[in-house]
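1. coordinates only, sequence not included:
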Ligand code: CMP
């Protein structure tokens with residue numbers, strides 16, 4: 001934060017010390033030479049000799065008044081500067097200190113006054129000055145308004161010194177430096193001081209970002225539509241959470257706020273340790289996002305006009321090149337017996353689909369006429385047990401699923417859900433039939449796998465198909481379904 005510009009306090013203290021010493025000396029002299037002083041004044045003043053006592057008493061009043069003032073200041077420093085700070089951990093508000101000083105000084109002064117001038121009736125003095133009071137009241141209307149608004153602010157304690165506040169429609173924003181009997185003093189982030197009258201502040205909405213509170217900020221950015229949201233969200237969250245002054249207590253949230261004209265619009269919500277440094281932290285967060293984008297080859301979107309030349313698509317979107325798909329399929333164990341040409345034929349027929357984390361790829365009970373190979377990512381096979389999802393297996397890159405419904409013609413036996421952003425290759429009934437015709441052994445190995453998986457399902461939920469030589473039954477079911485001999 002900005003360094004406060006303080007007046008030299010040590011110089012003030014020294015002056016106070018000199019004044020206190022001089023006043024005490026003066027008072028001592030007046031008391032010690034009281035009698036002599038009165039005699040001297042009487043002799044000097046001739047006709048006005050009767051006033052000599054009043055003058056000496058007035059002198060006493062002045063000196064004692066100054067001493068009372070110094071005493072109140074000392075008391076103020078002890079109570080609010082020391083005890084309050086030790087107990088609460090921060091300085092007492094100036095307004096409270098001032099009210100204390102005024103009340104304590106008035107009380108002390110009245111005490112001194114009545115002891116020096118016992119015959120003067122102060123009550124009468126005040127009541128007879130009603131007109132004076134009205135004039136004074138009118139003149140001090142604004143000042144008193146500020147004063148009472150300040151008192152109500154203090155009583156309410158909506159904010160304190162060190163908090164960041166934004167006041168009114170003009171949104172004067174800065175760190176509260178002082179709350180006096182007249183105004184709230186805030187230091188803006190341009191190091192300007194703004195004074196807001198207490199009475200105006202009392203009427204305006206005030207946004208308080210308290211020091212002890214975990215205050216959040218939002219930072220915005222855009223990406224091109226070709227960049228995957230799951231990847232973007234992961235990359236940005238990891239980049240932001242390590243930045244200085246980003247609170248470790250709550251992980252930053254990255255989310256899509258709009259699908260805009262120029263790209264996908266995101267916001268990062270993060271919490272700050274020290275809210276007063278939000279400008280620097282916002283900038284650091286943007287910087288981290290830029291570098292993270294560079295490393296992860298993500299693209300910022302800016303107002304652009306992109307001309308897309310559409311190639312006739314197959315159903316679904318193909319990602320990656322054909323070589324990678326052939327490589328993936330030839331690593332799948334059930335396709336191991338296939339020739340290079342046959343694998344290439346399946347790869348040609350395969351259609352790629354991308355699923356976000358948590359999305360359902362296939363749903364139990366649905367009819368199914370295709371199977372899937374996990375190309376990138378991970379999926380979970382889940383069945384419903386007492387209304388709750390129960391994971392039967394987790395399948396990784398190179399694993400396949402959906403073969404049961406495809407090969408038997410029965411409904412899907414389980415839900416398959418993407419764990420992270422996942423790309424699957426879908427292979428349809430037609431492509432598999434062509435392969436079966438030339439590879440009858442494939443049907444055999446598949447029926448074993450399906451029987452095994454069914455047992456896996458039966459071990460957890462009661463979907464047992466009766467035991468016995470299940471794979472033989474499945475084998476004939478597959479042959480029937482595909483019209484094989
Ligand atoms: P299908 O029944 O077509 O749809 C759900 C899929 O989940 C199923 O095919 C299998 O591919 C898969 N599946 C079911 N049970 C298991 C299991 N025990 N282990 C692995 N995969 C399974």
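-> Noted; the coordinates are in hand. Being a predicted model, the structure only gives us computed values, none of them experimental.

2. Residue 74 and residue 31: what is the separation?
-> Residue 74 is 21 Å from residue 31, where distance means Cβ to Cβ, to the nearest Å. The way it works is simple: take the backbone N, C-alpha and C, and place the C-beta from them, glycine included.

3. which phi and psi does residue 417 have?
-> phi -120, psi 140 (degrees, to the nearest 10).

4. Under the pLDDT cut-off, which ranges of the stretch 1-150 of the chain? List them.
-> Applying pLDDT under 70 to the stretch 1-150 of the chain flags the ranges 1-11, 46-50, 90-91, 124-132, 140.

5. try it again with 80
-> 1-13, 16, 41-52, 81-98, 120-150 (pLDDT under 80).

6. The residue in the chain positioned nearest to the ligand: neighbour count?
-> Proximity of the chain to the ligand (Cβ to the nearest ligand atom) peaks at residue 456, 2.7 Å away. Per other Cβ atoms under 10 Å, the neighbour tally for residue 456 reads 14.

7. For the nearest residue to it once chain neighbours are set aside, give its distance to residue 383.
-> Using Cβ to Cβ, 6 or more residues apart in numbering and skipping residues adjacent in sequence, the residue nearest residue 456 is residue 392, 5.9 Å away. Taking Cβ to Cβ as the measure, residue 392 falls 6 Å from residue 383.

8. What of residue 256?
-> 31 Å.

9. Looking at those two now, which is surrounded by more residues?
-> Taking neighbours as other Cβ under 10 Å, residue 256 and residue 383 compare with residue 383 leading, 17 against 14.

10. Ramachandran coordinates for that one?
-> Residue 383 adopts backbone torsions of phi -120, psi 160, taken as degrees, to the nearest 10.

11. Per-residue pLDDT of it, please?
-> According to the prediction, residue 383 has pLDDT 93.

12. try the one 5 residues further on
-> pLDDT, residue 388: 90.

13. And for it, the neighbour number?
-> 7.

14. now it, which residues is it bridged with?
-> residue 385 (DSSP bridges).

15. From the centroid of this structure, which residue is nearest?
-> Residue closest to the average C-alpha location in the chain (Cα atoms, centre = their mean): residue 216, at 2.2 Å.

16. Helix, strand, or coil at it?
-> Using DSSP: H, G, I helix; E, B strand; the rest coil, the structure places residue 216 in strand.

17. Three-state assignment for the residue nearest to it when sequence neighbours are not counted, please.
-> Leaving aside its chain neighbours, residue 216 sits nearest to residue 271 (5.0 Å; criterion: Cβ to Cβ, 6+ apart). Using three-state DSSP, the structure places residue 271 in strand.

18. any idea which helix or strand comes after the helix or strand harbouring the residue nearest to residue 456?
-> Assigned by DSSP states H and E, residue 392 belongs to strand 388-395. For strand 388-395, the following helix or strand on the C-terminal side (DSSP H and E) is strand 400-401.

19. Identify the neighbouring strands of that next one in the sheet and state each direction.
-> For strand 400-401, the pairing partners within the sheet under DSSP bridges are strand 370-376 (antiparallel).

20. Which secondary structure state is assigned to residue 207?
-> Classified using three-state DSSP, residue 207 is strand.

21. Let me know whether it touches residue 165 as I believe.
-> Yes: using Cβ atoms under 8 Å, residue 207 is in contact with residue 165, at 6.5 Å.

22. Of these two, which one has the most company?
-> residue 165 (21 against 12).

23. Just confirm that one is within a strand.
-> Yes: under three-state DSSP, residue 165 sits within a strand.

24. what pairs with it across the strands?
-> residue 174, residue 208.

25. who's in contact with it?
-> Residue 165 is in contact with 159, 173, 174, 176, 184, 186, 206, 207, 208, 209, counting by Cβ atoms under 8 Å, 6 or more residues apart in numbering.

26. Might one say that the third one is in contact with residue 191?
-> No: taking contact to mean Cβ under 8 Å, the distance of 9.2 Å between residue 174 and residue 191 leaves them out of contact.

27. Neighbour count for those two, which is higher?
-> Shown here are residue 174 and residue 191; by other Cβ under 10 Å, residue 174 has more neighbours (22 against 11).

28. What's the separation between that one and residue 245?
-> 18 Å.

29. which element is residue 420 on?
-> Judged by DSSP H and E, residue 420 forms part of no helix or strand.

30. Which pLDDT value goes with it?
-> 94.

31. Give me the neighbour count for the nearest residue in space to residue 389 that is not next to it in sequence.
-> Leaving aside its chain neighbours, residue 389 sits nearest to residue 382 (4.4 Å; criterion: Cβ to Cβ, 6+ apart). Residues lying near residue 382 (other Cβ under 10 Å) number 19.

32. Next, find the distance separating residue 382 from residue 399.
-> 15 Å.

33. Repeat that for residue 376.
-> 12 Å.

34. next one: residue 383
-> Residue 383 is 17 Å from residue 399, where distance means Cβ to Cβ.

35. Any buried residues in stretch 341-357, and which?
-> 342-347, 349-355, 357 (16 or more other Cβ atoms under 10 Å).

36. for residue 178, helix, strand, or coil?
-> Applying three-state DSSP: residue 178 is strand.

37. Need the pLDDT of it.
-> For residue 178, pLDDT reads 88.

38. ok, the spatially closest residue to it that is not a sequence neighbour - contacts?
-> Excluding the flanking residues, the one nearest residue 178 by Cβ to Cβ, 6+ apart is residue 185, at 4.3 Å. Contact analysis of residue 185 by Cβ under 8 Å, 6+ apart lists 176, 177, 178, 179, 193, 194, 195.

39. 6 Å instead, please
-> 177, 178, 193, 195 (Cβ atoms under 6 Å, 6 or more residues apart in numbering).

40. you'd agree it is in a strand?
-> Yes: assessed by three-state DSSP, residue 185 belongs to a strand.

41. What separation do you get for it and residue 172?
-> Residue 185 is 11 Å from residue 172, by Cβ to Cβ.
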